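Trainee: Just to be clear, the model below is a prediction. Sequence and coordinates:
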Amino acid sequence: MAVAIHQISPVAHLPLVLGVVRKLHVAALIETFCPPHPAHVLSCGRGVEALLLAILDGHHALYKVGARLEERGMVALLQPGLTHASLHDDRLGQIRDALFAANLNRVFGAIALNALEIYAIPTPWLHQDTTTRTLYGAYEDEPKTPGAPRPAYGHRKDGHDDLKQVLLSLGVSRDGLPLRMGARDGHTSDSTETPVAIEECVALGLDGVRGIVADSKGYCKRTLGLCLEQRVGLITLVPRTCAVRQEVEAWGQQHGALPFMLEKPGRTRQEPPRRGQGQSVVRRVPVEYADGRLDGAEIRLLVVHSSPLAHQGAVTYAAAQAQEAARVTEHVQHVEARWFACAADAEAAIAEDEGRGQGRRGRTPRPWRYQGLHYRVEAVSVLKKRTRRGRPPQAEAPQVEVRYRLVVHPEVLTPAEDAHGWTVLATTVQSDVCTDAERLQAYQEQHITVEPGFRWIKNPAAIAPVWLEKPERIAALAMLTVVGWLVYAVIQRQVRLSLHDHDQQVPGTKGATATPTAAVVFALLTQVMLVQFVVDNIPSLQVHGVQEQHLIVCEAVGIDPGWYQGAATGQNSLPRTTPP
């Protein structure tokens, strides 16, 4: 028996990804908005599947998509008779143009709502946040198509001050699934974007949504007015610079022990439990309505004291105080080295030096934050310098003059025990909808829902500097990246739920785990290979490297594990044209 191996393709996790994409009916939904044309070998739906595979594989250069998927052995699974030559960047660019023309918000909304229905995912809260996408190349000042985002210089969130960007606005469920997206101009302000995002969230018509959660960027007059007009529940952090927050924090400190709200175990066995105490109060704050009218409205404010936040604030305060102490020492040496001819000049220098703290971000310097400096004028009698050269006569009495200098006494400022750890949330959610504890828990989930997805977009999903020729294609590729995040989040959620329900674990980065990330799931499948070989002039395909945990993952996301079972059973069961 003669055996010849022709090719070994590291398919890894791509069949799993393609199985989930087809379970979500992404291609079918895309083709309802962009119908196939007989002149095109590659339909829009299959082209989107190819781009999603490239995004979730970590290789995103458009001219390399076909070659990369060919190396992975995935081209034959995309479409019968398809070759990697059909996956060229011109056709992929045309697909992105067609997606933009079909209205990206409608397309993505249909995919997201379909995912919620298929996997029965509840959406009690929608978390709103923004991130940026940095771009290389020169772009026109105005988009050719209305609605296309304009690359521009704006507030930097990733450190690329020399590159243009567009703003990506997202609404994410509690499970980390993006449900709404919008691409905006690069210089769009977060405060003006939030009301637009809320209106788009309302247009989705999601059932069972209690409200929208946002960070401090969501607190502004127009956002509050919109939520009151539309009867939308909003939970947002009040910025520290707002007078109402400072007033409510002072009220909380005066009342001492606030009602207990939440308690969570520490991150380690040695760490104490994390506790939250708080109470809601009603205050009148300014709001802006759609007609431009400014008025006051009663808004419920939730003031919370958190033990882990208090510890973190104390540590940060101590570190900042130590850094400032070194600057204070240098400042004191400089001040005390100066001499003045009269007390009036010294008093004038005090007024100047008392406001000579360190400025931040180009602002005017202000007094020291962590040290109290007390200045006083000291008169010192010193020998007056003789005007003539030579040794003075013995009978000549030494002449004395009075000079003045400043003496500085630094004082370390010690904050009160309960000065740290305060948070103030503003909410338009009615009291009969949820309790204060549920409001606080919803806001705390903001950091475990939106931020992990943004980190995935920034690095493995290759939201990296790239030239995309037209603003329309920028928006379309951003939408496809968010669809990739949706698939990524679905895989992670379903695997974790299945492992929890069946009391199972899979290998993780630090031992067995029941809560793997999607990246860990993908790493488990790295060893899966597709082997193409010939036995006595008969071509054959075989999958190797499949283990029991791989089948567990397939069953968790609800796709047929038969594709991977071919290796486990020793049968050549890989279909050439049937999707996984």
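Mentor: Yep, it's here.
Trainee: Show me the shaky parts of the stretch 51-200 of the chain.
Mentor: Along the stretch 51-200 of the chain, the parts satisfying pLDDT under 70 run over 59-60, 137, 139-144, 157-160.
Trainee: if you set the cut-off to 80 instead, what comes out?
Mentor: Residue ranges of the stretch 51-200 of the chain with pLDDT under 80: 58-63, 77, 80, 134-147, 155-163.
Trainee: same question, the stretch 351-500 of the chain
Mentor: Within the stretch 351-500 of the chain, the segments meeting pLDDT under 80 span 351-367, 385-388, 390, 392-399, 417-418, 455-469.
Trainee: quick one: the helices in the stretch 351-500 of the chain?
Mentor: Residue ranges of the helices in the stretch 351-500 of the chain, as given by DSSP state H, counting those that start in this stretch, are 436-444, 446-458, 471-501.
Trainee: Just checking the distance from stretch 420-428 to the centre of its chain.
Mentor: 20 Å (C-alpha atoms, centre = their mean, to the nearest Å).
Trainee: ok, and what's touching it?
Mentor: Stretch 420-428 is contacted by residues 211, 219, 224, 227-228, 232-238, 244-245, 248-249, 252-253, 280, 285, 299-314, 317, 439-440, 443 when judged by C-beta atoms under 8 Å, 6 or more residues apart in numbering. Using the backbone N, CA and C atoms, a C-beta is placed for each residue, glycine as well.
Trainee: Sort out for me which of these are in helices.
Mentor: 224, 227-228, 244-245, 248-249, 252-253, 307-314, 317, 439-440, 443 (DSSP state H).
Trainee: Burial check on the nearest residue to residue 255 once chain neighbours are set aside, number of neighbours?
Mentor: Once flanking residues are discounted, residue 255 sits nearest to residue 279: 7.6 Å by C-beta to C-beta, 6 or more residues apart in numbering. When counting by other C-beta atoms under 10 Å, one arrives at 17 neighbours for residue 279.
Trainee: Tell me who's in contact with residue 279.
Mentor: Listed by C-beta under 8 Å, 6+ apart, the contact set of residue 279 reads 252, 255, 258-259, 302-303, 436.
Trainee: what do you get for residue 476?
Mentor: With C-beta under 8 Å, 6+ apart, residue 476 has these contacts: 95-97, 99-100, 104.
Trainee: Output these as a markdown table; include the columns neighbour count, secondary structure and distance to residue 164.
Mentor: Shown next, in a markdown table, are the contacts of residue 476 (neighbours: other C-beta atoms under 10 Å; DSSP: H, G, I helix; E, B strand; the rest coil; distance: C-beta to C-beta, whole Å):
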| residue | neighbour count | secondary structure | distance to residue 164 |
| --- | --- | --- | --- |
| 95 | 25 | helix | 24 |
| 96 | 27 | helix | 19 |
| 97 | 15 | helix | 21 |
| 99 | 26 | helix | 22 |
| 100 | 23 | helix | 19 |
| 104 | 24 | helix | 20 |
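Trainee: Backbone dihedrals for the residue lying farthest from the centre of the chain, both of them.
Mentor: Farthest-out residue of the chain from its mean C-alpha position, per C-alpha atoms, centre = their mean: residue 395, at 83.0 Å. With angles defined as degrees, to the nearest 10, residue 395 sits at phi -80, psi -10.
Trainee: what does residue 297 give?
Mentor: Per-residue torsions, residue 297: phi -140, psi 150 (degrees, to the nearest 10).
Trainee: Next, work out how far apart it and residue 226 are.
Mentor: Distance from residue 297 to residue 226, counting by C-beta to C-beta, to the nearest Å: 12 Å.
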